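A.B. asks: starting from these lines, generate the structure:
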Amino acid sequence: MTGGRLAAVRGSWRTALRIARREARRSRRRTLLVLVMIALPVLGLSFAAVSYDMSDLTRAERIERQLGGADVALRWESLTAVRQDAWGESAWPVEGEWVGRTRPATAEEVRALLPDGSRVARTRWWMTFSTRIGRHVESLDARALDLTDPLTRPLARVLDGRPPVRPDEIAVSPAALRRLDTRIGNPVRTIDGATYRVVGVVEYPDNLREVITLAGVTPETAAGSDTWLVDLPGPLDPGLADRLNAQGIQIVVRDPLPGREELTRGMRVPDADEAGVVGVVGGLGLLEVVLLVGPAFAVSVRRRRRDLALVAVAGGDASHLRRIVLADGVVLGAGGAALGLLLGIGAAFAGRPLVEQYLLGERLGAYRIFPTALVAIAATAVLAGVLAAMAPAWTAARQDVTTGLAGRRDGSRPRRRWLLIGVALTVAGTAIAAFAAGRTSQTGVLAGVALGELGLVFCTPTLVGVLGRAGRLLPLTPRLALRDASRNRSSAAPAISAVMAAVAGSVALGVYVASDETRSRELWQPGLPPGNVLLTHSGEIPTGPPSAEAVAARARTVLPDATVVSVATPGCAGDVRDKNDCAAYALVPPERRCPYTSSDPVPDAARRDPRCVSPFQEPVDVYLPALVDDGAALAALTGAPADELAAARRTLATGGVVVTDARRVVDGQVRVEVNYNSGGPPTGRLLPAYALRGGLSVDRLVLSPAAADALGLSAVPLGYLLDTAGSPTDRQMEMLTDELYDIGPMSAQVATADPPSDQRPMLLLLAVASGVITLGAAAVATGLAAAEGRRDLSTLAAVGADPRVRRLLSLCQAGVIAVLGSALGIVAGLGSAVVVLAALNQRYADSWPVQPPYPVTVPGVTLAALVVVPLVAMGGAALFTRSRLPIERRLD
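C.D. replies: Presented below is the predicted three-dimensional model:
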C-alpha cells in the first residue's frame, strides 16, 4: 500500500513538472523575469565562491611559492629548540618562550648543519625601500635574492629586462614601475642618498603590488627576515629535520615529515556570533528574493485558474493543485540556478586577472569551482523558487472550482489568523532585538529585526485590504489602483513587502550609523585647539634639533599665517640613558578625589558624587604629556583668553606651573609629583600654580623651566607647535612634512573640531540599494498588474475613457507599491532603530564611568533618497506605459 502511494506521488510530481515546463515555454516573458531575479543573486554568490576557492591556495601551492627550485627552506629565527608541524608552516618553542636571534645566521653556520654536498641560497624578505616621489617620501616593500640562481629563479617571473646582479641594480614590479614613474635604465635614489639603476621588471606570484628586488643579501642590505633555500644531495633524512629543530631552525618541506602531527594550535575557531550574523543576513536576502519573485507566481496562478479548475474537475485534489504550482517554483528555481551558476563560473574565470590585480594583490591557484558551495547555492535558489510559489500554491488549492471555470475572480479575503501571526511575530522580533541590543549581540539584534520584518510581511495583505476600502474617497484613477491592489493582494502584497523589507533595513542601519556618528562627534575631544598642528621628530630626537625659526621659515611656504614655537617635555636630568624614565603629574588633593574605582560595587553612589564627575574628556587625536614652557606655547596649546594667558605667563615667570583643572589648586598652590619608571619612590613638592578656566577643556600641566629644575627634571625637546589661521588640508599636511624633510624627518598631527567620518558613502550605498529594490519591485508589480488588468482597461476604453487614463493608472499602481512599501519600511526601520538605541542607552545608563547615550539621528540623505525613489518609480511607470487603451477586439 505504501509503495503504491509513493508511486502515485512520484507520478503526480512528474506530471506537475511537465506542466510547469510547458507553462514556462508558453509564458516566456514571465519566465525570463523570474529567471533573471533568481539568477542574479546566484551569479554573485557563485562568482564569490569560485573566486574564493581559487584564492584559497592548497598546501602544495603555498609551499611551492616558498621553495622555488629548492628541496627545503630553512628559517633560523630562534636561539632555542623548536617543534614544528609536518610541513614546517608553523613552529613553536619546545620549552618556555620564543627567544629570537640577535643577529642573522651566516652561510657557513647553515652549511655546517647540512649534509656534505648541499647547496644554499639566501633570500631576505620584509625589507623597506624608501625613496622620494616628487616631494613625498614613499616606502615600498623590498626583497633581496639572486634571481639568477636555479634555487631562487622560480620564485619570480622576469617580465622585462633582466634580474639585478650588481649591488647598485634593482628590479621592480609592474606596480612599482608605475608608482615610481620610471623605466628600465633609469636611476632611483633612496632617501639616504644611495642610487640604484632599474634593470628589469619582476613579478612575484604572492605579491602583485609595489615590490623592489635587490641583487642578493650583502652586509649593507637592510634588516629583514632571512630564508635559506637548500638543495640537498639526496632525499631528506627525518633525523636531519630533528637536528635542525634542536638548533632552533624551522624547516619547510614539500612532503610531510613522518611521525609529525599537523599543528592544530592557532587554527581559527569559527565565531558563533559571526556565523549567526551571516546566517541571518543570508536569510534576509532569501526572503527578499522570495518576495520579489512571488508576484510573478501569483499572477501565473490567476491566469491559469481555469486550467487548475479543470484539473480539479478531472479528479485532482488540493495536493495535486499545490504540486502543479510548486512545480513552477522548482522548474524556474532550477533554471535560474543553472543560469546563475554558468554565468557566475564564467565571470569568475574571465575576471580572474582583475581579482588578482585589484582585489587580492596575488596570483590565484589552479582553476577550481568549489562544488560544495555551488551545490548549496543551487539548492538555495531552488528553495527560493519553491518558497515564492508556496503562497500562490495554497491559494490555488483553496479556490472555488465554479469560480475558476467561469473565469471570475475569487473574492475570498485573507484569513485573520495571518494578521494575528504577523502582529505576534512583530512584537516578538522587537522584544528580541531590544533584549539582544542590551547585551550587544549582533546575531540577536539582526534575528529580532528579521523576525519583525517577517511579521510585517504577514500583516501587509490585511493593510492593503484596509487601504483598498479607504480608496473610495479618492478620485477615479487612484481608486482603481487601490482597488486593483486590494483585489490582487497575492501579487501586490509581496511586492509591497519586498520594498518594505529593503527600506526598513536601510533606514534602521542608516539611523544607527548616523546616531553613532553623532555620538562620536559629541565624544570627540581635540588635544589642541582645532586647526593647530603638532610636529614631532621621527625616530630618535637629534642632538641639535632645528630652531623654531628654521621650522617656521619652511612651514610658512605651505601655511603662510602659521606661528611656530618649540615644545619640550620634562625628563630625567643628568647623564641618563632614557630621559623618558621620569614623568611629572599634578595631584588632586585627597579630599577632592573620587572615593570609588571602576571595580567598586557601588556605581550608583559614584554617579551621584560630584567628585566623580570629571570636567575633562581624554583627547582622541593629539595627545600631549606634561610640558616645560616659559609661556610662549600656551596660546597654541590651550586657546585660552588673552587675560588668562597673561596671568598664566606671570605665574610661569615666577617659577610656578599652569594647570587647567581647578580642583588641583589649593590656596594658589599645586603638588607636582615625579614618578620614576626605572624604580624608586616618587618625589614631589608644592609649587605656585595658576588654573586656566577658558580655552580647551583638556587636562594639562605646564611646568616653568625653574619649576622643572626644582623637581630635578630637564627639558627634553619634543617638537613644535604650529598655530594656524585655519584647518590645514590633508594635501597641505603632506606638503608640510615634505618641506620639513630636509631639516629633519618629522611627523605631523593636526587637531580637528570633528572626528573624521567615512559614513556618508555607506549611507548613500544603503539608499541606492533600497532604491534599486524599490524601483525593481514597483516595475515588476506594475507590469504584472498591467498584464492582468487588460480587461479592465478595455472596459475603460469602451465607456469612453481618455487614453491618458492608462498612463495615469500605471503611475498610481506604481505609486501604491512604492509609496506604501517605502512608508511601511521607513516606519519599521525607525521603530527598529529606536528600540535598539533605547536598549543600548539603557545599558550605558547602568555603566560607570557614565557614558553619553546614543541620540536618535535620522540621516537626511537616506530619507531624501527614499522619498525621491517612489516619485521616480511613478514617473518611470507613466513614461514607459503606452497611453493607447486596448479594445476588446484586440484581446480576442
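A.B. asks: following element in sequence after the helix or strand where Trp13 lies, please.
C.D. replies: Secondary structure from DSSP states H and E places Trp13 in helix 2-26. Next along the chain after helix 2-26, taking DSSP H and E as the criterion, comes helix 28-55.
A.B. asks: other SSEs contacting the lengthiest strand in the chain?
C.D. replies: When the chain is parsed with DSSP state E, its longest strand is strand 119-133. In terms of contacts (3 or more C-beta pairs under 8 Å, 6 or more residues apart in numbering; DSSP states H and E), strand 119-133 is packed against helix 107-111, strand 136-145, helix 174-180, strand 187-189, strand 211-215, strand 225-231. Backbone N, C-alpha and C define where each C-beta goes, glycine included.
A.B. asks: now the third one, how far from the centre of its chain.
C.D. replies: The reference is to helix 174-180. 28 Å (C-alpha atoms, centre = their mean, to the nearest Å).
A.B. asks: how about residues contacting it?
C.D. replies: 131, 133, 138, 140, 159, 172, 183, 188, 198, 201, 203, 208-212 (C-beta atoms under 8 Å, 6 or more residues apart in numbering).
A.B. asks: I figured Arg489 hits Gly465, correct?
C.D. replies: Yes. Here Arg489 reaches Gly465: they are 6.6 Å apart, a contact under C-beta atoms under 8 Å.
A.B. asks: out of those two, which sits in the more crowded spot?
C.D. replies: Set Arg489 next to Gly465 and count neighbours by other C-beta atoms under 10 Å: Arg489 wins out with 21 against 18.
A.B. asks: could you give the number of residues near Pro615?
C.D. replies: 11.
A.B. asks: before we move on, what about Trp13?
C.D. replies: Trp13 has 16 nearby residues by other C-beta under 10 Å.
A.B. asks: mean pLDDT per helix and strand in this structure: which one sits at the bottom?
C.D. replies: helix 888-891 (a mean of 46; mean pLDDT, DSSP states H and E).
A.B. asks: quick check: mean pLDDT of the helix or strand where Phe458 lies?
C.D. replies: Per DSSP H and E: Phe458 is located in helix 442-470. Average pLDDT, helix 442-470: 78.
A.B. asks: next: stretch 121-128.
C.D. replies: Mean predicted lDDT for stretch 121-128 stands at 92.
A.B. asks: same check on stretch 563-573?
C.D. replies: Per-residue scores along stretch 563-573 average to 87.
A.B. asks: any idea how far it is from the chain center?
C.D. replies: Distance, centroid of stretch 563-573 to centroid of chain: 40 Å (C-alpha atoms, centre = their mean).
A.B. asks: just stretch 682-694 next, same as before
C.D. replies: The answer for stretch 682-694 is 46 Å, by C-alpha atoms, centre = their mean.
A.B. asks: and the contacts of it?
C.D. replies: 586-587, 638, 640-641, 644, 647-648, 650-651, 654-662, 664-665, 668-676, 700, 707, 710-712.
A.B. asks: pull out the buried members of the residues you listed.
C.D. replies: 586, 638, 640, 644, 648, 651, 655-661, 664-665, 670-672, 674, 700, 707, 711 (16 or more other C-beta atoms under 10 Å).
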